[in-house]
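*Asks:* sequence? don't have it. structure:
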């Protein structure tokens, strides 16, 4: 925990210093949101999905974020192409399986991407992540139908099976690589009333993965940072419009020292 | 009027309680805007346009919103497919004919969608809605060239002809099913200086239609709710950036009681 | 300088009076951002990219903005088609070569558009604009690797070669048509922490070109106006979320008199 608080501070400082380029192939709803969040964090976002561009673009990037919201088949093809290149270049890839479990297109796409790409972290809500294993879960849109606690055992097993780190976000976030289990308690209820907060958690992990080679540490510390921004916003805003403005501000103003002091990261 | 004020309060409470999933096939400009507005209202937005996904997605939804901004032919095809499924499943469909009357693509698409789909409500400005009937109107982009008063007679006739409810928004909104005529006077001039306010009025109607089977009541009460949010925002903000932040906040904070008290809905 | 301060005031007043329709074929990240900025300025935005619509749409427009972020081949085709129509109709075209120099797709597309379209103004950062000439520059995403001062000589030569006006934005903006050189010093460092500020500078030039036939004057005055909005925002906001809200507000509230007084436009 202390180690991860320190890692959080170190990662945030490193993102601001190195300004890693984060290549996003993501959904139309959140492109503006996550680009602004990455800039506020200190990273450098680029959104590019053309099949004749993604390999070149990812070669410049510190991390690749794949997000399957507003998905269509051509976008899956671009994600697979970019993911293969990132895998070949040993660049971290983060998958956000938005809506996996809700429709066959999303579930199949997520599973195909996982099968063909070396994924460092998968970030989703419990039903999205668990849909990657089981066929008996249906999401209500992109909302969760499982609690994080329900999901802990299944997540650990799934993480081992998929050989990747899972970050399941909810009131308390859970990060596991099948051996370690970390819980992150930072956050605020209004985050559920702004679109793209899950997707923003994913790009925060992307930015931290660009500077931290340990997927568990990168994911847990990024979630603490993003959740803390929500907490700070929630102290001055009591409704979603002003809450998001304040959250973006907090991503920019939180200091590494503040993050280390206020991270709520627990092992086990 | 009193009945509709009560209906407005009831509908808002029902949206917040039931959190209906609203399936949007909509334009790139407003996806983020309308997703955030639906969340602030208490509804659950999903944006999905893939031809191999829309039928499955709409089967989970409480309402389907079709919006023809940034239109291309493949999106028309997806809208028709989703609309046919919604029609078969008896789910309410709301059409926003953005830019109909301005270009042949938009006008033809809107007419084709209407011909092949059972539409509960069409929401647009006067020139957009009236373009669905006549060929002698040209919109200046998506701005109106007819006043609501000019449009009342034509709207009533068109509503009967198309056998659907029309919601024509402007300084005073007009809702008609060909027999009933309702006017809604809530609103604020700054709504014209923020992109997607018309599209947001449309998704508010979508959310209310998911809980109110009467299209006239759902449309009129949703417009009163959205217009009241504008009024509240206009009391504390005097320019478009902060106005929209406040409007999102108001969508979240308005209580059913407040909506009933401050709705400006008049019959006739 | 005095002349350009007066021109800035005149252009802003003219945009608000005439509300020119600005047709944008632009990237997914900034569509919402630039639509809102154009509305706040007093212009009338429309986003339309369908190949079977762009010629009709541009015929109504006061200016056409082409922006190659999130580019794919079909979008290039639509830009070429719209650009050819605008050229035939003598309408001003503004090109934003987002990411040119970073990938072959972007660089080639920008060069092809320039070859086939009469462009009034190209607006980008130094590395993007200079990539249109030389093959030895690589951009880090869409960030600049050349200073404006480094770029002045090259820009003047390139402007003559391409026979168009170049607007290179940075801490100090540079506008040149190969003969005249104008520098604009308005702006604020937080503009680098919000996505789409460059793209918004481009649409501001588009709006001003719709009312000012001189590309150098239109570009320099639009950049002063947009930069001044940033300065005003920076006086009350110290982080990116609230900064952008304030900037949008300032675009709406700046008066022509204020713009004339506070423009920092210098010749030579």
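*Replies:* Nice, I can see it. Bear in mind that the values here come from a model prediction, so they are computed numbers and not experimental data.
*Asks:* which stretches of chain A form strands?
*Replies:* With DSSP state E, the ranges of strands along chain A come out as A:21-25, A:44-47, A:63-67, A:93-96, A:121-124, A:165-168, A:173-176, A:181-184, A:265-267.
*Asks:* now the third one: buried residues?
*Replies:* By neighbour count, with 16 or more other C-beta atoms under 10 Å in any protein chain shown as the criterion, the buried positions of strand A:63-67 are A:63, A:64, A:65, A:66, A:67. C-beta here means a position set from N, CA and C on the backbone, and glycine is covered the same way.
*Asks:* how about the contacts made by the closest residue to residue A:193 other than its chain neighbours?
*Replies:* Using C-beta to C-beta, 6 or more residues apart in numbering or on different chains and skipping residues adjacent in sequence, the residue nearest residue A:193 is residue A:240, 4.2 Å away. Residues counted as contacts of residue A:240 (C-beta atoms under 8 Å, 6 or more residues apart in numbering or on different chains) are A:190, A:193, A:194, B:36, B:39, B:40, B:248, B:249, B:252.
*Asks:* and if we set it to 10 Å?
*Replies:* Residue A:240 makes contact with A:190-195, A:197, A:247, B:36-37, B:39-40, B:245, B:248-249, B:251-253 under the criterion C-beta atoms under 10 Å, 6 or more residues apart in numbering or on different chains.
*Asks:* go through stretch A:83-103 and flag the buried ones.
*Replies:* A:83-87, A:91-103.
*Asks:* so where's the stretch 51-200 of chain A uncertain?
*Replies:* Low-confidence segments of the stretch 51-200 of chain A (pLDDT under 70): A:134-151.
*Asks:* what does it have sitting close to chain C?
*Replies:* Proximity of the stretch 51-200 of chain A to chain C (C-beta under 10 Å from any C-beta of the partner chain) is limited to residues A:51-57, A:59-61, A:70, A:74, A:78.
*Asks:* in ChimeraX, how would I select the buried members of the residues you listed?
*Replies:* Selection of buried members from those for ChimeraX, criterion 16+ other C-beta under 10 Å:
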select /A:51,53,54,55,56,57,60,61,70,78
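*Asks:* near chain B, which of the residues of the stretch 51-200 of chain A next to chain C show up?
*Replies:* Answer for these near chain B (C-beta under 10 Å from any C-beta): A:70, A:74.
*Asks:* CSV for the residues of the stretch 51-200 of chain A next to chain C, including distance to residue A:180?
*Replies:* As requested, these are arranged in CSV below (distance: C-beta to C-beta, whole Å):
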residue, distance to residue A:180
A:51, 37
A:52, 40
A:53, 37
A:54, 32
A:55, 33
A:56, 36
A:57, 32
A:59, 31
A:60, 31
A:61, 27
A:70, 33
A:74, 37
A:78, 33
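*Asks:* apart from its chain neighbours, what residue comes closest to residue A:50?
*Replies:* That would be residue C:72: by C-beta to C-beta, 6+ apart, it lies 4.4 Å from residue A:50.
*Asks:* also residue A:34?
*Replies:* Leaving out its chain neighbours, residue A:34 is closest to residue A:203 (C-beta to C-beta, 6+ apart), at 4.6 Å.
*Asks:* how many residues are close by that neighbour?
*Replies:* Residue A:203 has 30 neighbours, counted by other C-beta atoms under 10 Å in any protein chain shown.
*Asks:* surely it touches residue A:196?
*Replies:* Yes. Residue A:203 is within contact range of residue A:196, at 9.5 Å (criterion: C-beta atoms under 10 Å).
*Asks:* near chain B, which residues of the stretch 151-268 of chain A are found?
*Replies:* Counting by C-beta under 10 Å from any C-beta, the stretch 151-268 of chain A sits next to chain B at A:190, A:192-197, A:237-245.
*Asks:* which ones among these map onto helices?
*Replies:* Of the positions in those, A:197, A:240, A:241, A:242, A:243, A:244, A:245 sit in helices, assigned by DSSP state H.
*Asks:* and the closest residue to chain C within chain A, how close does it get to residue A:39?
*Replies:* Using C-beta to the nearest C-beta, residue A:248 is the residue of chain A that sits closest to chain C, at 3.0 Å. With distances taken as C-beta to C-beta, to the nearest Å, residue A:248 is found 9 Å from residue A:39.
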